[in-house]
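1. Return a 3D structure for these sequence lines:
(chains A and B)
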Amino acid sequence: MATIEIEKLSKSYWVYQKQEGLRASLRGLFRREYREVRAVREVDLTVEQGEFVAFLGPNGAGKTTTLKLLSGVISPSSGTARVMGHVPWQRENAYRRRFALVMGQKNQLWWDLPAQESFRLHQQIYRVDGQRFQQTLDELTRLLGVTNLLHQPVRELSLGERMKMELIAALLHSPDVLFLDEPTIGLDVVAQHAIQQFLKYYQQKRRITILLTSHYMKDVSALCKRVVIIADGRLHYDGSLSGIVDRFSGHKVVTLHLAEGQAFEQLARFGTLLEIEPPKAKLRVARRQVPSVMAALLSAYTVDDVAVEDPPLEDVIAEVFSRVDDVAVDHDVRQAVFP
Amino acid sequence: MAQRRPSYLRVFLTFARNSLVRDTMFRTNFLLQCISSAGWTLMNVGFYLIVFQHTPLIGPESGWGKYEFFVFLATTWLINSLVQTFFMTNADDYSELIRTGNLDFVLLKPIDTQFLVSFQKMDWSSLSTFTAGVILLVVALWQLTTRPVHPLSISPWMVGLYLFYLCCGVAIFYSLMISLASTSIWLGRNQTLYDFWFYITNFARYPMEIYNRGWGVPLWGFFTFVVPVLVVVNVPARLLAQPLHPQRSLSWQLACFALLATIVSLLASRWVFQRALLSYRSASS
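-> Numbers count the residues shown, from 1 in each chain, chains lettered A, B, ... in the order given. Below you'll find the predicted structure:
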C-alpha cells in the first residue's frame, strides 16, 4: 500500500473582497462580496514509502494547502486522502504521532525560552522514552551543528539556527512522514546547504517519506528525484526533474565559439539570438530542428567549440508557471454576496 | 517510534514549569505584575472598609456583614486569580493563534486540542492575588468564628464543599471564556475577551441579594440561568459565610443548580470548541 494516496482532492473557500475607501468599508458592515478561491482542484497523487517528492509551483498554487490537508490542519471540500492508512482530517492521535510538518515561515518553538525547553515539552506530548529522546536529540543537534545553542532563547537565534531547531523539534518523535513547507526560505546559502545536506542524509538513513515545497531549485535538485508541479490548484506534472525540460521546453540552447574574423550578423537566421559576447554567441533553437541547424551552422561558420544544452531548469519552470498564470486569469471565478 | 498517549499531568507540569521559567526570565516585569496585583487587592479591601464604616450590612437582613462580605470578596479573588493564572492568557492567545494561523501546530500534536489550547501558558504572577485571597479568607473566617455573638462553626465537610464549588466557579468562567475565544474561528478576529471578562466579573462580584428588586430581577434571572455567572462566587461564598441550612431550601437548590450549571457549561463549551475547529481554515503561509 502506498504511504500517501490522494484522489480528486479539492479545497475551496470564500474570501472577503474588501473594496477601497471609507464608504465601501461602511457598506461592508452590512453587505459583503466574497470570491471563491479554489486552492486545490481534483488533485490525484500517490507517494510510496521512502520517496522524497518536491512540490513546485508559483505562490498561491495550492502547495501549502495540499500539505495542510495532508496534515489534517484543514478539511477538504471534496475528494479523499489517506496517509499511512489514516484520513488526515480525522485528526486521530495514532496518525498525529507518525508525521510532522515544518513551515519555514512559522515558528512552533516557545519564543522566549531556549529550544531545549520546547524539546522537553515535545518529549512529553509524544511520550518519547527518555533514553531514546536523548539519543535522538544528540544525533540531530550534532548533525545540524547546534549543540551549543540549545540553551539560548529562541528569539536570540538567527533565522538559520531557528530553522534547524524547528527541524529538530519536528523529528524528535521519529516521524515516518515529513511535510516540509519551504524550510529554507530566507536562509543564506550556507544555511540552505547545511539543511539540504542534513535532509538528504536523514532521509536516506531513515527511509522516511518526505514531501517538500520550495522555490529554490537547488533544494529540489539536491534532494528530490520526483517532482510534482502544481499551479492554479491543479497538478500539471508528476515525474523526474529532468523530465520537466523534456516535457515543457520545446527548444535547446546552442553555444558557439566562432573562430576569429567571423561575422555574427547572420546568426539570427538559425534561431533566436540570446546573446553575443564575441567570440561567443548563444542561440535558441527548436528541439526538432537542432540536427539540421547544427549541420547548417558548421558548414556556414568556422567553429572553435560548440555546446548544445537544455535551457536552465529555472527558466523552463518559470515559463510553465507564467503559462499557467495566463490561463488562470479570470478563469471560472465565482462570486457571491452575503450579509 | 513514539509511544502511547501522553500523560496529561506531565504535560501540564511541563507547561507550568516552562511558564515559570519564561516569567522569571523577565523578572522585573514579573515583580511589577505581582506588586500591581497586590496593590489592587489592598485598594479593594480599603474601599470596602470605608463602605462598612457607613453601614453594618449590605442590604437590610441580607446577612452580608463586614466579615461575611470579606469571605465573599476573598472567594471572588480566589476564583478570578485561578482563571487568570490558568486560562486567561491561553484564551486570549487562542484568538491570536486562529488569526495568525499558528493554530496549525496545535492541531498537529497527538493530544487533546482543547487541553493544549487551554493550558499552554500560565500567568504565575496572578497567583499573588490568590495568596491575598487566602489571607483575607483566613482573617475573615477567624473573625467570624471567634466573634462573641453567633460565632460561625466550620466543619471539614463545609471546607470540602467550598473547595469543590470554587472549582465549579473556575470551570464556569473557563467555559465562557473558551467558548467566546472559539468564536474567533468564525469571526476571524475577536478581541472582546478582556472586555467580556471585565463585564462578567463585575456582575459576579456582588452577593445575589443586590439583584432582588426592580430591574435587578431580570438581571438576576439572566445571569443565573442563561449565563450563570452569579452562581460562580455566590454559592461557595455562601457555603462558608452563610452556611446552607436544611430549612433554607432555596440555598440548597442554588447549590444543586450550580453543579448542573457547571456540567452544562463544560459540555456546551466543549461542543462549541469542537464545532468551531471544524470550520478552521488556517491562514496564509
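
2. where does chain B come near chain A, residue by residue?
-> Counting by CB under 8 Å from any CB of the partner chain, the positions of chain B adjacent to chain A are B:1-7, B:10-11, B:14-15, B:18, B:21-22, B:25-26, B:101-102, B:104-105, B:107-111, B:113, B:116, B:278, B:280-282, B:285. In this view, the C-beta of every residue, glycine as well, is placed from N, C-alpha and C.

3. give me the low-pLDDT residue ranges for the stretch 201-339 of chain A?
-> A:324-339 (pLDDT under 70).

4. All the strands of it, in order from the start?
-> Under the criterion DSSP state E, counting those that start in this stretch, strands of the stretch 201-339 of chain A are mapped to A:209-213, A:226-231, A:234-240, A:251-258, A:272-277, A:280-286, A:303-309, A:335-338.

5. Would you map the helices across the stretch 151-300 of chain A?
-> Listed in chain order, the helices of the stretch 151-300 of chain A (DSSP state H, counting those that start in this stretch) span A:159-171, A:189-206, A:217-223, A:241-248, A:290-300.

6. Same question for chain B.
-> Taking DSSP state H as the test, the helices found in chain B are B:8-25, B:27-54, B:66-83, B:89-100, B:103-108, B:113-119, B:127-146, B:156-182, B:184-187, B:193-204, B:216-221, B:230-241, B:249-278.

7. Going by mean pLDDT, which of those helices comes out lowest?
-> Of all the helices of chain B, the minimum mean pLDDT falls on helix B:193-204 (a mean of 78).

8. Point out the most buried one among the helices of the stretch 151-300 of chain A.
-> Per residue and on average, the most neighbours among the helices of the stretch 151-300 of chain A fall to helix A:159-171, with a mean of 22 (mean count of other CB atoms under 10 Å in any protein chain shown).

9. tell me the contacts of B:Gln14?
-> Just so we're on the same page, residue B:14 is Thr rather than Gln. The contact partners of B:Thr14, taken as CB atoms under 8 Å, 6 or more residues apart in numbering or on different chains, are A:Arg120, A:Leu121, A:Gln124.

10. what about 6 Å?
-> Listed by CB atoms under 6 Å, 6 or more residues apart in numbering or on different chains, the contact partners of B:Thr14 are A:Leu121, A:Gln124.

11. Give me the neighbour count for whichever residue of the stretch 151-300 of chain A sits closest to chain B.
-> Per CB to the nearest CB, A:His173 is where the stretch 151-300 of chain A lies closest to chain B, at 4.1 Å. The number of residues packed near A:His173 is 24, by other CB atoms under 10 Å in any protein chain shown.

12. just the one 10 residues further on next, same as before
-> Residues near A:Pro183, counting by other CB under 10 Å, number 25.

13. Please apply the same query to A:Val15.
-> 11.

14. circling back to that earlier point, mind putting the helices of the stretch 151-300 of chain A into JSON lines with distance to chain B?
-> Below are those laid out as JSON lines (distance: least, CB to the nearest CB, whole Å):
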{"stretch": "helix A:159-171", "distance to chain B": "9"}
{"stretch": "helix A:189-206", "distance to chain B": "11"}
{"stretch": "helix A:217-223", "distance to chain B": "16"}
{"stretch": "helix A:241-248", "distance to chain B": "24"}
{"stretch": "helix A:290-300", "distance to chain B": "41"}
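
15. Pipe those helices into JSON lines and attach distance to B:Pro148 per row.
-> Output for the helices of the stretch 151-300 of chain A, formatted as JSON lines (distance: least, CB to CB, whole Å):
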{"stretch": "helix A:159-171", "distance to B:Pro148": "64"}
{"stretch": "helix A:189-206", "distance to B:Pro148": "77"}
{"stretch": "helix A:217-223", "distance to B:Pro148": "83"}
{"stretch": "helix A:241-248", "distance to B:Pro148": "92"}
{"stretch": "helix A:290-300", "distance to B:Pro148": "112"}
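
16. Out of these, which gets nearest to B:Leu78?
-> When the helices of the stretch 151-300 of chain A are compared by CB to CB, helix A:159-171 sits nearest B:Leu78, at 36.9 Å.

17. Does anything pack onto the closest one? Which helices or strands?
-> Judged by 3 or more CB pairs under 6 Å, 6 or more residues apart in numbering or on different chains; DSSP states H and E, helix A:159-171 is in contact with strand A:99-103, helix A:130-144.

18. just those: most buried one?
-> Of all those, strand A:99-103 carries the top mean neighbour count, a mean of 25, counting by mean count of other CB under 10 Å.

19. Okay, angle between that strand and strand A:209-213 too, please.
-> Orientation check (axes from the mean of the first three to the mean of the last three CA atoms, to 10 degrees): strand A:99-103 against strand A:209-213 gives 20 degrees.

20. Wait, the residue of the stretch 151-300 of chain A closest to chain B touches A:Tyr126, no?
-> Yes: judged on CB atoms under 6 Å, A:His173 makes contact with A:Tyr126 at a distance of 3.8 Å.

21. Bridged to the spatially most central residue of chain A, which residues?
-> Residue closest to the average C-alpha location in chain A (CA atoms, centre = their mean): A:Thr213, at 2.2 Å. Assessed by DSSP bridges, A:Thr213 has beta-bridge partners A:Phe55, A:Asp181.

22. Might you report the residue contacts of it?
-> So, once contact is read as CB under 6 Å, 6+ apart, A:Thr213 ends up touching A:Phe55, A:Lys63, A:Asp181, A:Glu182.

23. A:Arg288 - how many residues pack around it?
-> 11.

24. that older thread, as a markdown table, the helices and strands packed on helix A:159-171 with mean pLDDT and distance to chain B would be great.
-> Output for those, formatted as a markdown table (pLDDT from 0 to 100; distance: least, CB to the nearest CB, whole Å):
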| stretch | mean pLDDT | distance to chain B |
| --- | --- | --- |
| strand A:99-103 | 94 | 6 |
| helix A:130-144 | 93 | 9 |
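
25. and of those, who's closest to B:Val51?
-> Of the helices and strands packed on helix A:159-171, nearest to B:Val51 by CB to CB is strand A:99-103, at 55.1 Å.

26. how far off helix A:159-171 does the very next helix or strand once past the closest one point, in degrees?
-> Toward the C-terminus, strand A:99-103 is succeeded by helix A:115-126 as the next helix or strand (DSSP states H and E). Calculated by the same axes, to 10 degrees, helix A:115-126 forms an angle of 20 degrees with helix A:159-171.

27. List the buried residues of helix A:115-126.
-> Neighbour counts over helix A:115-126 (16 or more other CB atoms under 10 Å in any protein chain shown) mark A:Ala115, A:Glu117, A:Ser118, A:Phe119, A:Arg120, A:Leu121, A:His122, A:Gln123, A:Gln124, A:Ile125, A:Tyr126 as buried.

28. List the buried residues for stretch B:171-188?
-> By neighbour count on 16+ other CB under 10 Å, the buried set for stretch B:171-188 is B:171-185.

29. ok, residues contacting the longest strand along chain A?
-> Longest strand of chain A, by residue count under DSSP state E: strand A:32-47. Strand A:32-47 has contacts (CB under 6 Å, 6+ apart) with A:2-17, A:53, A:62, A:65-66, A:233-235, A:334-338.

30. Deepest-packed of the strands of the stretch 201-339 of chain A, please.
-> Highest mean neighbour count of the strands of the stretch 201-339 of chain A: strand A:209-213, a mean of 25 (counted as mean count of other CB under 10 Å).

31. Would you mind writing the CA trace of that one as PDB?
-> Only the C-alpha atoms of strand A:209-213 are listed here, as PDB (Å, rounded to 0.1, in the frame of the first residue of the first chain):
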ATOM      1  CA  THR A 209       8.700   9.800   3.200                       C
ATOM      2  CA  ILE A 210       9.100  13.500   2.600                       C
ATOM      3  CA  LEU A 211       7.000  16.000   0.700                       C
ATOM      4  CA  LEU A 212       8.800  19.300   0.200                       C
ATOM      5  CA  THR A 213       7.700  22.600  -1.200                       C
END
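
32. where does B:Glu61 fall, phi/psi-wise?
-> phi 60, psi 20 (degrees, to the nearest 10).

33. contacting residues for B:Ile178?
-> By CB under 6 Å, 6+ apart, B:Ile178 lies in contact with B:Ala91, B:Ser269.
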